[in-house]
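**Q** model this:
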Amino acid sequence: MPPENRGAKNILVIKMGAVGDLIMASAFFEEVRKNYPQARISHLVSNQIYHIVKDNPNTDRWILADSDKIYRRGWISRFKEAFRLMRLLRKERFDMVFVLHWAWPFYVLAWLCGIPVRVGFHRKWEGLFMTHRVRPHIDQNNREAYLNLIRVLGKPARYRKSQYHLSEKEDQFLEKFVQDHEIGRKEQLIALAPGGGRNIKQTMLTRLWPLDRYVELLGNILASGPYRIVVVAGPEDGPVIEPILERFPQCIDTRSLSFGEKASILRRCRLLVGNDSSPIHMASAMGIPTYSLWGPTNPKRYGDPMPHHTMFFNKIECSPCYAYGEFPDCHDNKCLQAISVAEVWETLRAALKPAVSQPVFIKNSEPAIEFPARIVAVPPASPGNPIPPTS
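**A** Numbering: from 1, shown residues only. This next block holds a predicted model:
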């Protein structure tokens with residue numbers, strides 16, 4: 001019997017980050033657990049992002065890698081950290097590894113660790129180090145691409161929804177937040193995520209919708225009803241957040257909160273609108289209506305395909321331009337500037353009209369519907385633009 005079908009007992013998953021990627025991969029961890037219920041599942045993850053996955057019940061243990069040494073320092077530091085990890089992983093005697101990266105060093109690491117069953121992607125020549133290979137399609141959603149790493153072993157895997165697992169403390173934080181900010185029982189919160197564009201590897205500010213458009217959109221929202229605005233952002237988002245808070249000081253600033261605390265808050269929000277960044281993945285995983293803005297990155301590949309997620313994307317001649325982990329030089333991000341405040345506000349206003357019940361934290365009860373998410377504002381197909389609009 002092939003080794004992958006003997007019932008692996010000691011499985012390693014290599015996925016360092018970033019936050020949005022780990023949320024996209026959450027369904028993969030669930031399906032690995034379902035297919036290998038008796039296995040010990042270990043996750044090699046960045047020490048800076050460990051807190052995002054530490055409460056995932058589908059993982060037994062975590063092995064932390066030093067992200068600074070791997071991504072931000074010189075080759076000597078990288079080599080030392082890689083050698084440390086190789087020695088550690090070899091001692092664990094894993095019998096199977098899933099590599100959820102496209103970067104070749106992780107494939108070499110898996111091979112050097114002597115793991116007999118190695119499952120990964122085959123984009124260029126990285127698959128040479130793998131015993132089982134999956135060739136990703138440029139328009140295939142990453143959530144499905146991750147699940148293909150299980151399917152290539154002949155195992156069933158079905159995408160149901162992404163998940164963000166809260167700790168008990170994070171779950172209770174929502175009540176404290178509501179009390180601290182004196183949020184009434186019938187008050188409606190709207191989350192705004194105008195920042196982002198950074199992860200442990202790179203800075204990608206071309207993913208940000210222009211700040212003045214967020215200010216105009218926020219003015220429209222506040223003029224339409226008695227809404228409370230929660231600005232979901234991180235400590236590095238000051239240049240984007242501070243002008244908004246100066247113009248609208250009544251907004252609630254969340255920069256000092258942890259990712260888990262922000263995720264807990266999102267359960268109380270009517271909806272979230274934001275850039276292609278971690279908050280939109282968290283919001284969709286929490287089950288709240290999510291409205292996201294896309295430009296350099298492909299919404300079909302990275303957007304959550306659930307029906308409560310609406311994506312704004314105006315395809316132009318050079319978008320999406322993000323490929324193989326790199327953004328080309330761009331100084332005007334005209335792909336995002338092509339999305340007007342009017343079209344975003346028209347969609348949000350229609351969503352805000354009917355009274356809706358408060359969204360709740362949904363665990364694993366969503367039925368699987370393959371890619372029903374709505375992409376709006378896509379121009380019609382033409383000889384120079386062969387991609388048809390998606391509804």
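
**Q** Just give the number of residues close to residue 290.
**A** Using other C-beta atoms under 10 Å, residue 290 has 29 neighbouring residues. Yep, even glycine has a C-beta here, placed from its N, CA and C like the rest.

**Q** do residue 138 as well
**A** Residues contacting residue 138 under the criterion other C-beta under 10 Å number 9.

**Q** same deal with residue 75?
**A** When neighbours are defined as other C-beta under 10 Å, residue 75 has 7 of them.

**Q** For it, give its distance to residue 110.
**A** Remark: distance between residue 75 and residue 110 (C-beta to C-beta, to the nearest Å) = 20 Å.

**Q** which stretches of the stretch 251-391 of the chain aren't confidently modelled?
**A** Scanning the stretch 251-391 of the chain for pLDDT under 70 picks out 321-331, 354-391.

**Q** in it, which spans are strands?
**A** 252-253, 269-275, 290-294, 309-313, 374-376 (DSSP state E, counting those that start in this stretch).

**Q** And the stretch 101-250 of the chain, by the same measure?
**A** 117-121, 132-134, 188-193, 227-231.

**Q** what's the closest of those to residue 311?
**A** strand 188-193 (13.9 Å; C-beta to C-beta).

**Q** can you give me the helices for the stretch 1-150 of the chain?
**A** Using DSSP state H, counting those that start in this stretch, the helices of the stretch 1-150 of the chain run over 19-24, 26-35, 50-53, 67, 75-92, 104-112, 142-151.

**Q** Pick the most buried one from these.
**A** The highest average neighbour count among those, using mean count of other C-beta atoms under 10 Å, belongs to helix 19-24 at a mean of 23.

**Q** per-residue confidence at residue 177?
**A** You'll see residue 177 listed with a pLDDT of 96.

**Q** So what's the residue count around the residue lying closest to residue 261 once chain neighbours are set aside?
**A** Distance criterion C-beta to C-beta, 6 or more residues apart in numbering; nearest residue to residue 261, sequence neighbours excluded, is residue 173 at 4.9 Å. Other residues near residue 173 come to 21 when the count uses other C-beta under 10 Å.

**Q** From residue 256, how far out is residue 173?
**A** 13 Å.

**Q** before we move on, back to that, could you redo the helices of the stretch 1-150 of the chain as JSON lines and give each row mean pLDDT?
**A** Shown next, in JSON lines, are the helices of the stretch 1-150 of the chain (pLDDT from 0 to 100):
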{"stretch": "helix 19-24", "mean pLDDT": "94"}
{"stretch": "helix 26-35", "mean pLDDT": "97"}
{"stretch": "helix 50-53", "mean pLDDT": "93"}
{"stretch": "helix 67", "mean pLDDT": "90"}
{"stretch": "helix 75-92", "mean pLDDT": "94"}
{"stretch": "helix 104-112", "mean pLDDT": "93"}
{"stretch": "helix 142-151", "mean pLDDT": "96"}
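
**Q** could those helices be laid out in TSV, adding distance to residue 318?
**A** TSV is the format used below for the helices of the stretch 1-150 of the chain (distance: least, C-beta to C-beta, whole Å):
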stretch	distance to residue 318
helix 19-24	23
helix 26-35	31
helix 50-53	32
helix 67	31
helix 75-92	32
helix 104-112	27
helix 142-151	22
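
**Q** Which of the ones you listed sits closest to residue 228?
**A** That would be helix 19-24 among the helices of the stretch 1-150 of the chain, by C-beta to C-beta, at 24.9 Å.
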